[in-house]
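Trainee: Could you work out the structure for the sequence below:
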Amino acid sequence: MSTNLDFMPPSAVDSEKGILGSILLNKEIMLQVADTLQPEFFYEPVHQMIYAQMLTLWERQLNIDILVILDRLQAKKNQVGENDPLLSVDKAYLLDLTGFASLIGDPGEHAKLVRDKFVLRSLVTISDEIKTSALKQDGSVEDILDKAENRIFKLASSNLNQDFVSIAEILTGTFDRIEDLHAHQDEVRGVPTGFVDMDKLLGGFQNSDLVILGARPAMGKTAFALSLCLNAALKSKSGVAIFSLEMSRDQLSDRMLSAVSGVELYKIRHGKFDTDKKYGRQDDFSRIGEGIAKLAEAPIWIDDTGSLNILELRTKCRRLKSKYNIGMIVIDYLQLMSGRSSFSSQTNRVQEVSEISRSLKSLARELSVPILALSQLSRGLEGRDEKRPTLADLRESGSIEQDADVVMFIYRDEVYNKKDKNAQPTAPADSNAEIIVAKHRNGATGTVELFFRKENTSFENKLGSHLSRRVPGE
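Mentor: All right, here's what the predicted structure looks like:
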């Protein structure tokens with residue numbers, strides 16, 4: 001289907017003139033427009049050039065008037081071709097701009113109009129590029145869709161800020177930010193983990209961080225990830241997206257319900273509930289009902305697609321971020337994901353996992369949320385005396401360690417040193433769990449001691465726990 005309709009690009013040229021004329025008459029107008037407009041937002045090239053000079057003068061706290069602007073543009077005129085639009089800018093043109101100042105009442109509102117027209121023009125450009133790419137069949141369908149969605153998402157979420165920011169701009173307000181951090185130094189700055197010692201060590205999960213959680217089977221990495229999700233969603237009200245490639249949504253919801261209600265997971269899975277009150281506690285049905293009501297209010301979204309590739313993940317995460325402003329993403333687990341294409345050999349599988357980890361880090365930065373990715377560990381550690389994992393145990397790719405901002409491992413001694421089945425029931429100390437923070441790009445490493453509650457497959461703060469600075473392998 002072809003339309004062949006010719007439309008003028010969206011623009012607000014009179015508003016552009018009115019804004020520039022107002023600034024020439026009163027440089028304080030920059031206070032109303034500087035945080036909204038960038039030079040490229042203007043439709044007319046000459047207006048882009050004039051406004052760029054105004055911004056430079058404003059940042060240097062210099063005067064902005066017709067003669068100063070003409071003087072600064074004159075040097076550029078000597079460097080352009082004979083047909084360059086800059087040559088049309090003279091004293092008469094700038095005087096004419098001041099005449100448009102009386103046509104606009106609120107320069108700030110007209111600045112937003114100019115910006116909105118720029119967004120529409122950008123959408124037209126992106127649409128043309130998408131159309132051309134689709135007609136030329138430039139790449140796979142998945143690649144074309146991903147690039148299209150990426151361009152539009154960036155336009156929608158960027159707030160139209162510059163790609164590069166000078167250190168002077170970054171430092172604006174730095175003292176106020178540091179002072180605020182000092183005043184609230186005991187508060188968690190990122191998404192809280194809910195575990196006291198871990199939050200002290202990491203400061204919570206930070207936006208744009210890729211966090212890797214590794215463990216051998218039976219250590220409870222999914223259980224620990226769900227504990228983190230519940231703490232983030234229920235205690236700090238952070239939206240959490242869970243992508244489960246191994247367990248179904250029903251299995252995950254059963255585990256979370258057990259953790260929240262306190263009813264053993266075995267009972268929930270088999271429907272074997274205690275209907276009588278014991279030890280002054282509610283019966284199981286009442287506890288489950290309260291747990292369901294609590295979980296129903298939690299901002300948690302679950303996707304249990306069995307085979308998920310990185311393109312599908314990015315698409316779904318962008319939509320969740322745009323619609324629900326999620327604050328954290330969890331993937332269970334990394335080695336079950338696939339990249340852009342199929343890989344047959346082990347060597348290529350290593351390359352694929354490397355691609356996935358790089359893409360996850362890029363996605364974390366794009367959405368400005370922490371991504372927690374679970375990872376299997378190599379079987380090699382089973383053959384050595386010291387079973388506590390190290391960075392060398394990350395399976396299939398050394399780039400996982402490189403791309404990650406935080407790498408954590410779970411170690412439970414009872415998994416390797418089981419008690420005799422005829423021995424007395426295990427004491428709570430026998431269910432200790434160590435969370436080994438082996439890499440922390442922006443802080444210290446260490447080991448956090450937690451308590452693993454077997455009947456609910458959940459992790460809890462351990463009374464009297466302490467933070468050890470020892471990391472295996474160091």
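Trainee: What is the burial count for Arg379?
Mentor: 11 (other Cβ atoms under 10 Å). The way it works is simple: take the backbone N, C-alpha and C, and place the C-beta from them, glycine included.
Trainee: any idea how far it lies from Leu55?
Mentor: Plainly put, Arg379 is 59 Å away from Leu55 if you go by Cβ to Cβ, to the nearest Å.
Trainee: Check Ser22 too.
Mentor: Distance, Ser22 to Leu55, by Cβ to Cβ: 15 Å.
Trainee: more crowded one of these two?
Mentor: Ser22 (25 against 18).
Trainee: would you say that one is within a helix?
Mentor: Yes - counting by DSSP: H, G, I helix; E, B strand; the rest coil, Ser22 falls inside a helix.
Trainee: domain parsing for this structure?
Mentor: As given by automatic domain parsing, the domain ranges for the chain are 13-152, 188-468.
Trainee: What's the local residue count around Val65?
Mentor: To be clear, residue 65 is Asp; Val isn't right here. Asp65 has 15 neighbours, counted by other Cβ under 10 Å.
Trainee: Assess the claim that it and Leu24 are in contact.
Mentor: Yes - counting by Cβ atoms under 8 Å, Asp65 does reach Leu24; the two are 6.5 Å apart.
Trainee: need the strands for the stretch 301-450 of the chain, in chain order.
Mentor: Per DSSP state E, counting those that start in this stretch, the stretch 301-450 of the chain has strands spanning 328-332, 371-376, 406-411, 432-440, 446-453. These are given in chain order.
Trainee: Show me the one of those that comes nearest Leu113.
Mentor: Between Leu113 and those, the tightest spacing by Cβ to Cβ is seen for strand 328-332, at 36.0 Å.
Trainee: Strand 371-376 and the closest one, what's the angle between them?
Mentor: Angle, strand 328-332 to strand 371-376, by axes from the mean of the first three to the mean of the last three Cα atoms, to 10 degrees: 20 degrees.
Trainee: So in that sheet, which strands flank strand 328-332, and in what orientation?
Mentor: Its sheet considered, strand 328-332 pairs with strand 240-244 (parallel), strand 371-376 (parallel) by DSSP bridges.
Trainee: Which of these sits closest to Leu73?
Mentor: That would be, of the strands paired with strand 328-332 and by Cβ to Cβ, strand 371-376, which comes in at 47.3 Å.
Trainee: Export the strands paired with strand 328-332 as a markdown table, with columns for mean pLDDT and distance to Tyr93.
Mentor: Listed next are the strands paired with strand 328-332 as a markdown table, based on pLDDT from 0 to 100; distance: least, Cβ to Cβ, whole Å:
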| stretch | mean pLDDT | distance to Tyr93 |
| --- | --- | --- |
| strand 240-244 | 91 | 53 |
| strand 371-376 | 90 | 52 |
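Trainee: where in the protein is pLDDT low?
Mentor: 1-6, 77-87, 156-188, 274-282, 340-347, 349, 395-398, 418-430, 463-474 (pLDDT under 70).
Trainee: tell me what whatever helix or strand Thr56 lives in is packed against?
Mentor: Assigned by DSSP states H and E, Thr56 belongs to helix 45-59. In terms of contacts (3 or more Cβ pairs under 8 Å, 6 or more residues apart in numbering; DSSP states H and E), helix 45-59 is packed against helix 13-25, helix 30-33, helix 66-77, helix 91-99.
Trainee: what do you get if the cut-off is 6 Å, keeping everything else the same?
Mentor: On a contact count with 3 or more Cβ pairs under 6 Å, 6 or more residues apart in numbering; DSSP states H and E, helix 45-59 meets helix 13-25.
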